[in-house]
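Participant: pasting a predicted model and its sequence here:
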Amino acid sequence: MKHHTPTLAGCALLAALAFGHPAAGQEQGARSLAANCTGCHGPSGNSSGAIPTIAGLERAYIVTAMQEFKAGTRQATVMHQHAKGYSDQEIEILAEYFSKQKRQ
C-alpha cells in the first residue's frame, strides 16, 4: 500500500476547510499550494513560454490531467513527478484554483 505525506500547504488548507474558516483563508491556502505550479506555468497559471497555460482550464480537465500524470498514463517530462507529490484532495484544490484564474 502506498502512503502519501501531504505537503505543509496542503495540510494547512485542508485544516482550514475542515474547520470552516472564511473563504479568504481558503483562497490563501489554495494560492500557497499553487505557488509550486507558478514557477513553470507562470503567475496565476498564465505561461509566457513553451509550458502550457493552465489558467482558466475546466476544473475537471485539470483533475483528469493531474490524475493521469500521477498514474503515469499521460506522457510528461517532469509533471508525473510533481503530480505524485499531491494527494487527490490537493489536486482538487489546485484544479478549482486554476480554473478560476483569468486566462490572459
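Facilitator: Here it is on my side, so go on.
Participant: let's test this: mean pLDDT of stretch 38-57, rounded?
Facilitator: Stretch 38-57 shows an average pLDDT of 94 in the prediction.
Participant: endpoints of it, how far apart?
Facilitator: Between the opening and closing residues of stretch 38-57 lies a distance of 15 Å (CA to CA, to the nearest Å).
Participant: how many neighbours does Gly72 have?
Facilitator: For Gly72, the count of nearby residues is 11 (other CB atoms under 10 Å). In this view, the C-beta of every residue, glycine as well, is placed from N, C-alpha and C.
Participant: look through the protein and tell me its longest helix.
Facilitator: Of all segments of type helix in the chain, defined using DSSP state H, the longest is helix 23-41.
Participant: center of this protein - which residue?
Facilitator: Relative to the mean C-alpha position of the chain, the nearest C-alpha, by CA atoms, centre = their mean, is the one of Leu94, at 2.8 Å.
Participant: so that residue sits against Met66, correct?
Facilitator: Yes: using CB atoms under 8 Å, Leu94 is in contact with Met66, at 7.1 Å.
Participant: which residues are in contact with each of the two?
Facilitator: Residues touching both Leu94 and Met66 comprise Tyr86, with contact defined as CB atoms under 8 Å, 6 or more residues apart in numbering.
Participant: what is the burial count for Gln81?
Facilitator: By other CB under 10 Å, 11 other residues sit near Gln81.
Participant: circling back: gap between the helix or strand harbouring the residue nearest to the centre of the chain and the chain center?
Facilitator: The secondary structure element spanning Leu94 is helix 88-99 (assigned by DSSP states H and E). With CA atoms, centre = their mean, to the nearest Å as the basis, the distance from the averaged C-alpha position of helix 88-99 to the chain average is 5 Å.
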